[in-house]
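A.B. asks: model this:
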Amino acid sequence: MELHVWHGEAKYGLPSMDLKSLQMLAYIKFSGAPVNIVKSSNPFKSPTGQLPVFKCSEGTFSEFSQVTTFLRKQNFSCDYELSPKQCSEVVAYEHLLLEKLYPALVYLW
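C.D. replies: Below you'll find the model as predicted:
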């Protein structure tokens, strides 16, 4: 399995400057999946011509939900030790961030 992501900036201490790349990197790290990370600043060098992209035996995925679904099928998940209430809180926080924080981030960036 490989994850192709945007290259980060050393002066900021981030592995990537792209929000979607950071999201996928964090999920893969927390789930413990054995994934090779390929950092690039040229999306045309990736398998699909866009970044981030997750490449595996079942194909290539560019959406976060597709990556998480595939990893859960492979028994790599961040949610296994959470109760149903905690899982629902995670979903609620995710939607809160997408609805309130993401538009501000897009506006300021």
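A.B. asks: show me the contacts for Tyr102.
C.D. replies: Listed by CB atoms under 8 Å, 6 or more residues apart in numbering, the contact set of Tyr102 reads Leu19. (C-beta placed from N, C-alpha, C; glycine too.)
A.B. asks: pLDDT wise, what is it at?
C.D. replies: Looking at Tyr102, its pLDDT is 81.
A.B. asks: Skipping its backbone neighbours, what lies nearest the residue positioned nearest the centre of the chain in space?
C.D. replies: Centroid check for the chain by CA atoms, centre = their mean gives Met24 as the closest residue, at 1.2 Å. Once flanking residues are discounted, Met24 sits nearest to Pro52: 5.2 Å by CB to CB, 6 or more residues apart in numbering.
A.B. asks: show me what contacts that neighbour?
C.D. replies: Here Pro52 is in contact with 3-6, 16, 18, 20-21, 24, 62 (CB under 8 Å, 6+ apart).
A.B. asks: all strands for this protein, in order.
C.D. replies: Using DSSP state E, the strands of the chain run over 2-6, 36-40, 53-56, 59-61.
A.B. asks: Among the contacts of Pro52, name the buried ones.
C.D. replies: Burial by neighbour count, judged by 16 or more other CB atoms under 10 Å, picks out 3-6, 16, 18, 21, 24, 62 from the contacts of Pro52.
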